[in-house]
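> pasting a predicted model and its sequence here:
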Amino acid sequence: MKKETTKSLVKSARKAAKKDIEATLISGLQEVTAKLSQSSKKLEKQIQKGAKQLAKKLAQELKIDKSAFATPAANEEVAVATAS
């Protein structure tokens, strides 16, 4: 695979992980705040902002295996050859 394609795939995987982390954090924190007190717009906004910042930091630290993106094409060729 070309280097540009690999970078693009890694970037999109990191972005998807960031969105998933952010959604998980928001739902968890909202659940806890609902149990402890009434929710307010200010608190909701603060939760979303904090979750977004933390998700960004965690996604940057994430190590994504680049070889996982390069191997599917090779595996498909092998699978087609063995199926014939």
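Nice, thanks for sending it over.
> any idea how far residue 3 is from residue 34?
47 Å (Cβ to Cβ, to the nearest Å). Where C-beta positions appear, they are placed from N, C-alpha and C, glycine not excepted.
> hmm, I was thinking of residue 45
From residue 45 to residue 3 the distance is 40 Å (Cβ to Cβ).
> and residue 24, what element?
Using DSSP states H and E, residue 24 sits within helix 3-36.
> list the buried ones in that helix?
9-10, 13, 18, 21-22, 25-26, 29-30, 33 (16 or more other Cβ atoms under 10 Å).
> any idea of the angle the helix or strand following it forms with helix 3-36?
Heading C-terminal from helix 3-36, the first helix or strand you meet, by DSSP H and E, is helix 41-61. Angle, helix 41-61 to helix 3-36, by axes from the mean of the first three to the mean of the last three Cα atoms, to 10 degrees: 150 degrees.
> OK, contacts around residue 52?
residue 22 (Cβ atoms under 8 Å, 6 or more residues apart in numbering).
> how much space between it and residue 25?
In terms of Cβ to Cβ, residue 52 sits 9 Å off from residue 25.
> shared neighbours, the two?
By Cβ under 8 Å, 6+ apart, no residue touches both residue 52 and residue 25.
> tell me the contacts of the spatially most central residue of the chain?
What sits nearest the mean C-alpha location of the chain, by Cα atoms, centre = their mean, is residue 17, with 0.3 Å. Neighbouring residues of residue 17 by Cβ under 8 Å, 6+ apart: 59, 62.
> picking that back up, what is the mean pLDDT for the helix holding residue 24?
For helix 3-36, mean pLDDT rounds to 88.
> now it, how far from the centre of its chain.
Helix 3-36 sits 4 Å away from the centroid of its parent chain (Cα atoms, centre = their mean, to the nearest Å).
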